[in-house]
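A.B. asks: structural data only, the sequence is not supplied:
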DNA sequence: GCCGTTTTCGGCCCGACTGTTTTCAGTCG
């Protein structure tokens, strides 16, 4: 029983209550509790054991009892009773964009629809149009939503897959008989979305490895157990393939299974031109003798190439660059000197400025740019003029007392539909820097949305364009924009573009970074942190920057404090 | 279901958008 189980059940209760039609404030209380637990800096088990849960603002008597019951007995009667009223599969319907709890309630009560499949069928049969509150367009939208949902099925965020892989590696590392163990596949290439996890092990004793792998706590189902390959589903539903390889073959297999497919096709083509044949077992001369290599880097060397970091293996020019020694020296986690884009209790963050500052300092950063939401972002508690003045005063005071880190005054200003920023110029110019982001009116035409952002990029006070497409991976497409034109405008006006490191966003997309860099654009890696944990997302942003060929010099938060201040003053 | 308090019931963030309606409900952020 861990925090995630508790959070899951509270969420499900909230959703079931909504479907049932209970007071919205009741379900909100459950969602509120979820948020509180997610942002908890203390161990939840300790809180339960010491009976301190109810001290948390937002958790009262009822929730305290329910959480404690679930934690101590492993089940919760209230939830079981609620579940008995509705099939649990109803909750899956909520994943379809455009379908909320009210619609689920109607679909279930009037048409007996319980699953996505049934819903899809009912749409095709034209049976939704007659329902109260539904119509032609709703039915069409739901059908499209189902299509989108299906597209994302079986896909996972990099951060989720990374976490799961870590657990498995930890479990296997202690085994004797393992000579080498590595992650391969898209996870090693640090793709933003992952289909499955590939793990390679070099060992002379495959049986021991396979037994241990398929026997871990993380296993939900075993799909197959073989001598060279076994597959499982983890508790989170991610498929994991583990391959055991003879130690001599490890470098070839690692290269082969890291991919990408396109990279390997190009690489094999190159090998063939050199009279060589390559596959997962080796690199063979025409007489079929294997060219022995100790690691991947020697393998690339034989092919006349510099070592190509896995992140770059997407067949986007990396092989040519490796051949003529022009691969970039990719940015690393250690290059990041300071942080921009964090939220605090002033808007929708859960920690104070001081807490965030101390964490940033502890992590070795030398500056921290605070960016709460601006006044138009009602839903996130955006800052009014008074709040801003109060925040500035607080920042000034903290800067006086804290050493080795400097807090910078920023704001994440909404870019309003007309492209203007959310405060008058007299106020805007007083900030150290400004991130401009789109948070509303996502439905503008491509033309209008592009114009909107271009106008913002022409605002002298805007420093950084935040999460440029607004996408949420696996759940929401970005808004329609002409990214090429936006990049041109950013380059012309010397505006920085954010690589939002939140694992749900990873926006802007790495596929565009190399082009942007060639256009002379500078980037910033921003965690969009809403709590202390958020700082740890920076590494995901670094991964994306690496995939986009970026070096430390391309990313402004690799600059030291003095340089950054000079950089910001340049615009004034 | 939680909170606060002028101690026990009333308020709980707010607005845009869409599609369905004919004045509003549901969804989303």
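C.D. replies: That came through, no problem. On a predicted model such as this, the values are computed, not experimentally measured, just so you know. Numbering: from 1, shown residues only, chains lettered A, B, ... in the order given.
A.B. asks: what's the closest non-adjacent residue to the spatially most central residue of chain A?
C.D. replies: Taking CA atoms, centre = their mean, the centroid of chain A lies closest to residue A:503, which sits 1.2 Å from it. Distances taken as CB to CB, 6 or more residues apart in numbering place residue A:159 nearest to residue A:503, at 3.5 Å, with adjacent residues excluded. Just so you know, the C-beta spots here come from the backbone N, C-alpha and C atoms, and that holds for glycine as well.
A.B. asks: tell me which element that neighbour falls in.
C.D. replies: Using DSSP states H and E, the secondary-structure element containing residue A:159 is helix A:158-173.
A.B. asks: run the chain-centre distance for that helix.
C.D. replies: In terms of CA atoms, centre = their mean, to the nearest Å, the centre of helix A:158-173 is found 16 Å from the chain centre.
A.B. asks: so what secondary structure elements neighbour that helix?
C.D. replies: When contacts are defined as 3 or more CB pairs under 8 Å, 6 or more residues apart in numbering; DSSP states H and E, helix A:158-173 packs onto strand A:178-184, helix A:185-188, strand A:193-194, strand A:196-203, helix A:206-214, strand A:239-245, helix A:538-547.
A.B. asks: any idea which of those is most buried?
C.D. replies: helix A:538-547 (a mean of 25; mean count of other CB atoms under 10 Å).
A.B. asks: elements contacting that one?
C.D. replies: Counting by 3+ CB pairs under 8 Å, 6+ apart, helix A:538-547 packs on helix A:158-173, strand A:496-500, helix A:510-518, strand A:523-526.
A.B. asks: any idea how far the residue nearest to residue A:503 lies from DNA strand B?
C.D. replies: For residue A:159, the distance to DNA strand B (CB to the nearest atom of the strand, to the nearest Å) stands at 19 Å.
A.B. asks: about what we covered before: could I get the helices and strands packed on helix A:538-547 as CSV with mean pLDDT and mean neighbour count?
C.D. replies: Listed next are those as CSV, based on pLDDT from 0 to 100; neighbours: other CB atoms under 10 Å:
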stretch, mean pLDDT, mean neighbour count
helix A:158-173, 92, 17
strand A:496-500, 97, 26
helix A:510-518, 94, 18
strand A:523-526, 98, 28
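A.B. asks: now do the strands in the stretch 401-550 of chain A.
C.D. replies: Along the stretch 401-550 of chain A, counting by DSSP state E, counting those that start in this stretch, strands occupy A:406-414, A:433-437, A:464-465, A:496-500, A:523-526.
A.B. asks: in CSV, list these along with distance to residue A:33.
C.D. replies: Converted to CSV, the strands of the stretch 401-550 of chain A look like this (distance: least, CB to CB, whole Å):
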stretch, distance to residue A:33
strand A:406-414, 27
strand A:433-437, 28
strand A:464-465, 34
strand A:496-500, 27
strand A:523-526, 29
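A.B. asks: make CSV out of the ones you listed and add distance to DNA strand B.
C.D. replies: Compiled in CSV, the strands of the stretch 401-550 of chain A are given as follows (distance: least, CB to the nearest atom of the strand, whole Å):
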stretch, distance to DNA strand B
strand A:406-414, 10
strand A:433-437, 10
strand A:464-465, 17
strand A:496-500, 13
strand A:523-526, 17
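A.B. asks: closest one to residue A:76 among the ones you listed?
C.D. replies: Closest approach to residue A:76 among the strands of the stretch 401-550 of chain A (CB to CB): strand A:496-500, 36.4 Å.
A.B. asks: for the closest one, enumerate the helices and strands it packs against.
C.D. replies: Against strand A:496-500 (3+ CB pairs under 8 Å, 6+ apart) you get strand A:464-465, helix A:483-492, strand A:523-526, helix A:538-547.
A.B. asks: I'd like those as TSV, with distance to residue A:515 appended.
C.D. replies: Listed next are these as TSV, based on distance: least, CB to CB, whole Å:
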stretch	distance to residue A:515
strand A:464-465	15
helix A:483-492	7
strand A:523-526	12
helix A:538-547	13
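A.B. asks: and these: which comes nearest residue A:55?
C.D. replies: Closest among the helices and strands packed on strand A:496-500, using CB to CB: helix A:538-547, at 31.7 Å.
A.B. asks: got the angle for the closest one vs strand A:496-500?
C.D. replies: 120 degrees (axes from the mean of the first three to the mean of the last three CA atoms, to 10 degrees).
A.B. asks: for residue A:496, which non-adjacent residue is closest in space?
C.D. replies: residue A:464 (4.5 Å).
A.B. asks: thought the residue nearest to the centre of chain A was touching residue A:537?
C.D. replies: Yes. At 6.1 Å, residue A:503 and residue A:537 qualify as touching, with contact defined as CB atoms under 8 Å.
A.B. asks: any shared contact partners between the two?
C.D. replies: Common neighbours of residue A:503 and residue A:537, using CB atoms under 8 Å, 6 or more residues apart in numbering, are residue A:159.
A.B. asks: is DNA strand B contacted by stretch A:58-74?
C.D. replies: Yes. Looking at stretch A:58-74 against DNA strand B by CB under 7 Å from any atom of the strand, the contacts come from A:58-64.
A.B. asks: so who does the residue nearest to residue A:496 touch?
C.D. replies: A:340-341, A:433-436, A:495-498, A:524, A:526.
A.B. asks: go with 10 Å
C.D. replies: A:340-341, A:369, A:371, A:410, A:412, A:433-437, A:490, A:495-498, A:522-524, A:526, A:556 (CB atoms under 10 Å, 6 or more residues apart in numbering).
A.B. asks: distance of it from residue A:425?
C.D. replies: According to CB to CB, to the nearest Å, residue A:464 and residue A:425 sit 18 Å apart.
A.B. asks: now the helices and strands packed on helix A:538-547 in a markdown table, with distance to residue A:351?
C.D. replies: Output for the helices and strands packed on helix A:538-547, formatted as a markdown table (distance: least, CB to CB, whole Å):
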| stretch | distance to residue A:351 |
| --- | --- |
| helix A:158-173 | 20 |
| strand A:496-500 | 19 |
| helix A:510-518 | 29 |
| strand A:523-526 | 16 |
